[in-house]
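S.K.: Just need the structure, nothing else, for what follows:
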Amino acid sequence: MSEEQALSLNAVRAFVQVARDSSVTRASKTLGITQSSVSRHIAVLEDYLGAKLTERRGRQSQLTDFGRLFADAVAEPLDTVLFTAKRMRRNGRKDANRLVVRTSLATFAYTVLIPNLREFSKEMGGVTVDVISSLSAPASTDSFDVLLTRDLMLTEPADRWDVYDEQLVCVGAPDCVAGRGLTALRNTPVIAVTSRPDILPTWLRGLDLKTSDITSGARYDHHYLALPAVTTGNTLLVTPHIVVADLIRQGLLDVLAGSRAPSGMQYRAYAIDRSGNPDVARAFCRWLTRLCRKMTEEDVPAE
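M.R.: Modelled structure (predicted):
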C-alpha cells in the first residue's frame, strides 16, 4: 500500500473491536458485519502499517506486541471520534437534538444550571435542554434523560457523576458583613429556609455553635425566595456556596469570615441508560461536573 493512500477508519475500528473482544467472531457480531469482513479490514490495516497485528491461538485472535501498542494508542482517540460524530449527527428523528433534565434542586437549577445552559447548547451544536423540577422519586415510566439530585434515589441503570460536595457558607449584603466575623450572628437575623431544615443545624454543628448563638430571622420556603431578601436587607443567610457563587462574584453578597462548613451532602447527575440521547446525556453530566468544579475553584469564600 502506498504511503499516499488514506488510512481506513473502518479498518481501525474493526481491529480495536477485535482487540477488545479477543475474537474475530465476537467482534463481527458487535460490529454487525461478517467475520470475513473483519479479517479483510485487519489485513488492510496490517498492509498499511507494514506489521502483523494479530495472530491465531486456537479459536482466539491474540495481539502481537506491535498490535497491543497500536491498540493502546488508538482505542481512546477512536472512541472520541465516533462519539463526536454520533452526537453531531443530524437525522429525521423527532427531538434528536433535545435533552430533558429532571432535578430536585430548584435553586441550583435557577442560579447555576439555567444561566449556563447556553454554553452547553453552543458546545453541543445547538442542543435544546428542557429543565423540569420534581421532589418525587423518579419512576421508570417517567420521560427524562438526566436526573440531577441531592437526595433522590435512582433504581434503574444509569451512569453516575458526583457533581458537587455541598459546602455551606453564611452570606449577607456587603455593607452588612464588611469587617465582621461570626460575632455578626449575635445581632443580625439569620433567614431560615423551610425546604432545607437540615442546613442550619448542620452548619451550627460544623462551626461548634448553638442555636442560642444566632438571631432568628424571617422564614422562606426556598433559597431562591430568600436570595432577594438577603441581597437587599440587613439579614444573613446560610446557604450552599455554589448557589450564591455568582452573586458573590457580582459583589451583591459577601461571605461572613470563618463561616464555611461542609454539609455532608453531594449533588449527583445520572445519565439514564434508556435515554433517547444517551451520548448527549453523558456529555451534559461531564459538562455540569466541569462547570461546578470551575465555579467552586474560582469562588472559594474568604475565611
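S.K.: For T239, give its distance to S133.
M.R.: Note on T239: its distance to S133, by C-beta to C-beta, to the nearest Å, is 18 Å. Backbone N, C-alpha and C define where each C-beta goes, glycine included.
S.K.: Might you list the low-confidence residue ranges for the stretch 1-150 of the chain?
M.R.: Scanning the stretch 1-150 of the chain for pLDDT under 70 picks out the ranges 1-5, 59, 84-96.
S.K.: And the helices in it?
M.R.: Along the stretch 1-150 of the chain, the segments classed as helices by DSSP state H, counting those that start in this stretch run 9-21, 24-31, 35-49, 65-88, 106-108, 114-123.
S.K.: wait, which of the ones you listed is closest to A139?
M.R.: helix 106-108 (19.8 Å; C-beta to C-beta).
S.K.: returning to that earlier point: distance to L227 and mean neighbour count added to the helices of the stretch 1-150 of the chain, as a markdown table?
M.R.: Formatted as a markdown table, these follow (distance: least, C-beta to C-beta, whole Å; neighbours: other C-beta atoms under 10 Å):
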| stretch | distance to L227 | mean neighbour count |
| --- | --- | --- |
| helix 9-21 | 50 | 20 |
| helix 24-31 | 51 | 18 |
| helix 35-49 | 58 | 17 |
| helix 65-88 | 35 | 14 |
| helix 106-108 | 8 | 21 |
| helix 114-123 | 13 | 14 |
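S.K.: Which of the ones you listed sits closest to C170?
M.R.: helix 106-108 (16.3 Å).
S.K.: packing partners for the closest one?
M.R.: Judged by 3 or more C-beta pairs under 8 Å, 6 or more residues apart in numbering; DSSP states H and E, helix 106-108 is in contact with helix 223-232, helix 241-249.
S.K.: What residues sit buried inside stretch 249-259?
M.R.: By neighbour count on 16 or more other C-beta atoms under 10 Å, the buried set for stretch 249-259 is L252, L253, D254, V255, L256, A257, S259.
S.K.: Output the residues you listed in TSV; the columns should cover pLDDT and distance to G126.
M.R.: Below are the buried residues of stretch 249-259 laid out as TSV (pLDDT from 0 to 100; distance: C-beta to C-beta, whole Å):
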residue	pLDDT	distance to G126
L252	95	32
L253	94	34
D254	94	38
V255	93	37
L256	92	42
A257	91	44
S259	93	41
